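>>> I need the structure of the sequence given here:
(one chain, ligands or ions: 2)
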Amino acid sequence: MASVTAAGKAFLHLSATTPDHLPLTSFSSPAVCFRSSRSRSPFFGLDLRLRLRLATSSKIPAPHARSAARGLRIEAAARPTILVAEKLGEAGLALLREFANVDCSYNLSPQDLCSKISLCDALIVRSGTKVTREVFDASRGRLKVVGRAGVGIDNVDLHAATESGCLVVNAPTANTVAAAEHGIALLASMARNIAQADASMKAGKWQRNKYVGVSLVGKTLAVMGFGKVGSEVARRAKGLGMHVIAHDPYAPADRARAIGAELVSFDEAITTADFISLHMPLTTTTEKLFNDEAFAKVKKGVRIINVARGGVVDEDALVRALDNGTVAQAALDVFTVEPPPKDSKLVMHENVTVTPHLGASTVEAQEGVAVEIAEAVIGALKGELAATAVNAPMVPAEVLSELAPYVILAEKLGRLAVQLVAGGSGIKGVKVVYTSARDPDDLDTRILRAMITKGIIEPISNVFVNIVNADYTAKQRGLRISEERIHIDSSPEVPLDSIQVHLTHVESKFASALSDTGDITVEGRVKDGYPHLTLVGSFSVDVSLEQYVILCRNVDKPGNIGRVGRILGEQNVNISFMSVGRIAPRKQAIMAIGVDEEPDKETLKKIGESPAIEEFVFLKL
Ligand SMILES: NC(=O)c1ccc[n+]([C@@H]2O[C@H](COP(=O)([O-])OP(=O)(O)OC[C@H]3O[C@@H](n4cnc5c(N)ncnc54)[C@H](O)[C@@H]3O)[C@@H](O)[C@H]2O)c1
Ligand SMILES: O=C(O)[C@H](O)COP(=O)(O)O
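Ligands and ions are numbered 1, 2, ... in the order given. This is a model prediction of the structure:
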């Protein structure tokens, strides 16, 4: 469809909503892993190594095996060896044994794991085994795949894995219901003092008055994080007659409504709830989110359940809140350090019920997880790439080499846009606009779309997005992605002029990021091979997208820029880049500041309090 832009240029409109099924076969040629400059995801540089490593297994297509043979040792005829370091369901073990020699060695010390690993092609773990850089070093290049039989891969050193050319796969869905059921079990047993009463009876007592509980029906439960587990907890709590509210800045409101839960802000959730159940991932934003400040706001006597990750709670602050009665009880399955110290005040607290990270531990979930991970590991050893690959997107090398800097730009724009979303508004629609001199047939945007999806989803979840699972993951989370191309008259040698990412109809924590249509809008370009932010809302800026960016809106008058610069300078925070975009001289302006170090909270507070600053946001890319 041809239309005309505001600038009067003709453009081609091509709307591609998320397809139901990805054409996986078209991606199944050489796997290429690449590393973005500084994000947690593995990107450029390691591509060929990982690709060739995977191609050294026996059942791979001949051309790939030939290319692998040139650079690497081939173990074509040998059956691979898989070390299973934590208990795995029988169905999964049976699948593994059909394909490989399986060594089930549980409770290995770090030293024993290191000495065994050089004889293994794959390693399967749960959350109890630390797969550190030492493990990858000790494998001396033989380890090709690490399978995490569960969701969280906090125990695997992803950078070290990628650097040693080792693929990491996980099993993200099979234990969702088990975790939700465990959350409900903790909720009910905490409310009725089941664990304490059981211990008391076993100690020979009969304390009927001491263990009077509280009822669930009619009480308000705040589900913090409305993803896979959180939504299942909400569904079950509705069945118990609870009033369910939820806080998740990125979840679509209609999905919550369908379950009968209302999405609310963080403050509303924690100030009104009788029970708070945590289901968000551990990220830089959620780390110690439940701290003294949060406990100061909760309804007195609130009860807290955590089956997500221990690090989301400041455990010392929780002990203080339990001691002073702010929090009546807590039921915890997860801890900052696992296992927690034997003398942990939190674990020993009489108002705390604990389980040793049992959320995923049902027979059914473990069978499901075992099959899911066995299939993923076998596939990877065969040279296929699973949709659950955590550290390996896959694109044809020639596409990658041309789009490399745009791929980084796409992910960074996604990361930036999602951090501008205000709590409670939920993201539903993403519109991506590519400006290019190329004919649509000459520009494959799948990888760019995948990278934008990755940038939007990864900072807010524990899902790892790659080219294989990007569209599926977006769809699963109710994210509709549409693409539009604007054709410009320029050299088709350059694949893209700009990429714009619009998060449609959301509220922003930085109002200036909203365009006239009410969308969060950011645009970027590649300049001298580096990604630059060139538009925020309606403001033109030009800042290199490095690790940290501060966006401030201020009145455009002398001295304002200097004030912010001085605050940063006083804290020894180095400015790497700065750009000012303004509507007109002496009206409103946006300062985009790239900084080398992460400013501490105090410094950010000072910037926010500076009279010149109308609003500001600190972004990690
Ligand atoms: N205890 C266990 O054995 C066990 C088992 C499974 C999962 N888990 C943990 O449970 C958690 C949830 O898992 P999941 O599979 O539902 O993940 P998910 O990615 O499906 O859902 C997480 C949700 O949290 C939301 N979120 C992100 N940042 C948030 C914030 N600041 N405030 C509120 N919400 C935020 C995301 O938008 C997403 O909807 C994870 O931490 C996971 O590791 C634990
Ligand atoms: O991340 C997960 O899948 C859960 O926390 C479960 O971990 P586990 O497999 O060690 O029980």
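>>> going forward, measure contacts between C-alpha atoms and count neighbours the same way
Will do.
>>> and Tyr211, what does it touch?
By Cα atoms under 8 Å, 6 or more residues apart in numbering, the contact set of Tyr211 is Arg192, Asn193, Gln196, Ala197.
>>> Let me know the pLDDT of the first one.
On the pLDDT scale, Arg192 is placed at 98.
>>> So that it lines up with my notes, have the first residue be 3 from now on.
All set: I'll call the first residue 3, so the last point we hit is now Arg194.
>>> Would you confirm that it contacts Leu218?
No - look at Arg194 against Leu218 with Cα atoms under 8 Å: they stay out of range, at 9.6 Å.
>>> ok so His534 is a strand residue?
Yes - under DSSP: H, G, I helix; E, B strand; the rest coil, His534 sits within a strand.
>>> Tell me, how many residues neighbour the residue nearest to it when sequence neighbours are not counted?
In this structure, His534 finds its nearest non-sequential neighbour in Ser546, 4.3 Å apart by Cα to Cα, 6 or more residues apart in numbering. Per other Cα atoms under 10 Å, the neighbour tally for Ser546 reads 24.
>>> And for Tyr252?
Neighbour tally, Tyr252, other Cα under 10 Å: 25.
>>> Tell me the spacing between it and Gly229.
In this structure, Tyr252 and Gly229 are 9 Å apart, going by Cα to Cα, to the nearest Å.
>>> Also Pro494?
42 Å.
>>> what about these two, which has more around it?
A direct count of neighbours by other Cα under 10 Å for Pro494 and Gly229 places Gly229 higher, at 22 against 15.
>>> Helix, strand, or coil at Met593?
strand.
>>> Okay, and the residue nearest to it when sequence neighbours are not counted sits in which element?
In space, and not counting its chain neighbours, Met593 is closest to Val582: 4.5 Å by Cα to Cα, 6+ apart. In the assignment (DSSP states H and E), Val582 maps to strand 577-584.
>>> The residue nearest to His534 against Asp598, yeah?
No - Ser546 lies out of contact with Asp598 (Cα under 8 Å); the separation is 11.5 Å.
>>> Ranking helices and strands of this protein by mean pLDDT, which lands last?
One helix or strand of the chain scores below all others by mean pLDDT, DSSP states H and E: helix 26-29, with a mean of 25.
>>> Gly539 against Ala515, yeah?
Yes - Gly539 lies in contact with Ala515 (Cα under 8 Å); the separation is 3.9 Å.
>>> Enumerate every residue touching Val543.
Counting by Cα under 8 Å, 6+ apart, Val543 has contacts Leu535, Thr536, Leu537, Ser581, Val582, Gly583, Ile592, Met593, Ala594.
>>> shouldn't Leu498 be in contact with Tyr436?
Yes - at 7.0 Å, Leu498 and Tyr436 qualify as touching, with contact defined as Cα under 8 Å.
>>> From the contacts of Val543, which shows the smallest pLDDT?
Looking at the contacts of Val543 by pLDDT, the weakest one is Gly583, with 72.
>>> With Phe541 as the reference, measure out to that residue.
If you measure Gly583 against Phe541 using Cα to Cα, the figure is 5 Å.
>>> Next: Leu445.
Remark: distance between Leu445 and Phe541 (Cα to Cα) = 28 Å.
>>> Pick out whichever of these two has more residues nearby.
Under the criterion of other Cα under 10 Å, the comparison of Leu445 against Phe541 puts Phe541 first, with 22 against 16.
>>> partner residues bridging the more buried one?
Beta-bridge pairing for Phe541 (DSSP bridges): Val538.
>>> Just the pLDDT at it, thanks.
Per-residue pLDDT puts Phe541 at 85.
>>> Pretty sure it sits against Ser581.
No - applying Cα under 8 Å as the test, Phe541 and Ser581 come out as separate, 10.9 Å apart.
>>> Common neighbours of those two, please.
In terms of Cα under 8 Å, 6+ apart, Phe541 and Ser581 are not both contacted by any residue.
>>> Just give me the neighbour total for the nearest residue to Leu445 once chain neighbours are set aside.
Distances taken as Cα to Cα, 6+ apart place Pro497 nearest to Leu445, at 6.9 Å, with adjacent residues excluded. Residues near Pro497, counting by other Cα under 10 Å, number 19.
>>> got it, and Asp114?
Residues near Asp114, counting by other Cα under 10 Å, number 11.
>>> name the element it belongs to?
Using DSSP H and E, Asp114 maps to helix 112-119.
>>> Against which helices or strands is that helix packed?
For helix 112-119, the packing partners by 3 or more Cα pairs under 8 Å, 6 or more residues apart in numbering; DSSP states H and E come out as helix 135-140.
>>> immediately after the helix it packs on, which helix or strand?
Remark: after helix 135-140, the chain's next helix or strand is strand 147-150, criterion DSSP H and E.
>>> Ends of stretch 189-197, what's the gap?
End-to-end distance for stretch 189-197: 12 Å, by Cα to Cα.
>>> I figured Arg440 was touching Asp499, is that so?
No - using Cα under 8 Å, Arg440 is not in contact with Asp499, being 9.8 Å away.
>>> tell me the SS of the closest residue to ligand 2 within the stretch 353-502 of the chain?
Per Cα to the nearest ligand atom, Ala362 is where the stretch 353-502 of the chain lies closest to ligand 2, at 4.7 Å. The three-state label given to Ala362 by three-state DSSP is coil.
>>> and the gap between Met192 and Leu125?
Separation of Met192 from Leu125 (Cα to Cα): 37 Å.
>>> can you list the residues of the stretch 353-502 of the chain near ligand 1?
Proximity of the stretch 353-502 of the chain to ligand 1, by Cα under 6 Å from any ligand atom, involves residues His359, Leu360, Gly361, Ala362, Ile462, Ser463, Asn464, Val465.
>>> Dig out what Val557 forms beta bridges with.
Assigned bridge partners for Val557, using DSSP bridges, are Gln590.
>>> So it sits against Ser612, correct?
No - assessed by Cα under 8 Å, Val557 is found out of contact with Ser612, at 11.8 Å.
>>> Could you check how far stretch 175-190 is from the centre of its chain?
20 Å (Cα atoms, centre = their mean, to the nearest Å).
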